[in-house]
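Chemist: Pasting a predicted model and its sequence here:
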Amino acid sequence: MAGFVEDNAEELQRLRDVVGRLTDEQLLSPVNEDWTVAAALGHVAFWDARALYLAERFDPATGFPDDVGEPENVDWINDSTRSLIHAIDPRRVADLTVATAEEIDARVAELPADKLWPNDPDSPLNGRRASHRGEHLDEIEAALG
C-alpha cells in the first residue's frame, strides 16, 4: 500500500487531463447502456465523496466509527444514484469530480496507511482511490475511442 499516494496522484492527473479535453458533446456520450461520460465521472465523484466522509470521521485514537461499514453489494447504491447523477449539469459534474478527487487524495495521504484497507481488512476506507478512478477512466477513454 506504500505507493497508494503516488498511484492516486497519477490517476488524479489523468482525470484532470481527461476532463480538461472533454467537449460538452463528449460529456453527453454514452459509456455504456446506463451511464454517459459525465455520469460515469459523477459516479466516481460520489464514491470519492463517500471516502471523504469516512476520512473526515477518522479519529487517530479510536479509528473509524462503527456505523460506517460498507455493504457487500453496492449495486443498489449505484443504481439508485444514477438518475440523480444524470440530472447534474455535465460540465459541473466533471469539475466536481476533479475537485472531489483532489480533496480525497489529499486527505487519505494524511491518514496512517495501516488504518486503511487493505492493510487493515476491517477498515471501511480504501486509500487507493486510483483503482476505482482508473477503472472508469479506462471505460470513458474506450467509449470515446
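Modeler: Cool, got the structure. Numbering: from 1, shown residues only.

Chemist: Helix, strand, or coil at the residue of the chain positioned farthest from its centre?
Modeler: Farthest-out residue of the chain from its mean C-alpha position, per Cα atoms, centre = their mean: Ala61, at 26.6 Å. Taking DSSP: H, G, I helix; E, B strand; the rest coil as the rule, one finds Ala61 in the coil state.

Chemist: Next one: it, what pLDDT does it get?
Modeler: At Ala61, the predicted lDDT confidence score is 91.

Chemist: Give me the distance between it and Pro112.
Modeler: Shown here: Ala61 relative to Pro112, a distance of 12 Å by Cβ to Cβ, to the nearest Å. In short, each C-beta sits where N, CA and C put it, glycine included.

Chemist: got it, and Asp75?
Modeler: From Asp75 across to Pro112, the span is 31 Å (Cβ to Cβ).

Chemist: who has more neighbours, the two?
Modeler: Neighbours were tallied for Asp75 and for Pro112 using other Cβ atoms under 10 Å; the higher tally belongs to Pro112 (12 against 8).

Chemist: Skip the chain neighbours and tell me the closest residue to that one.
Modeler: Spatially, and ignoring its direct neighbours in sequence, Pro112 is nearest to Pro60 (7.5 Å; Cβ to Cβ, 6 or more residues apart in numbering).

Chemist: Number of residues surrounding the one you found?
Modeler: Other residues near Pro60 come to 8 when the count uses other Cβ under 10 Å.
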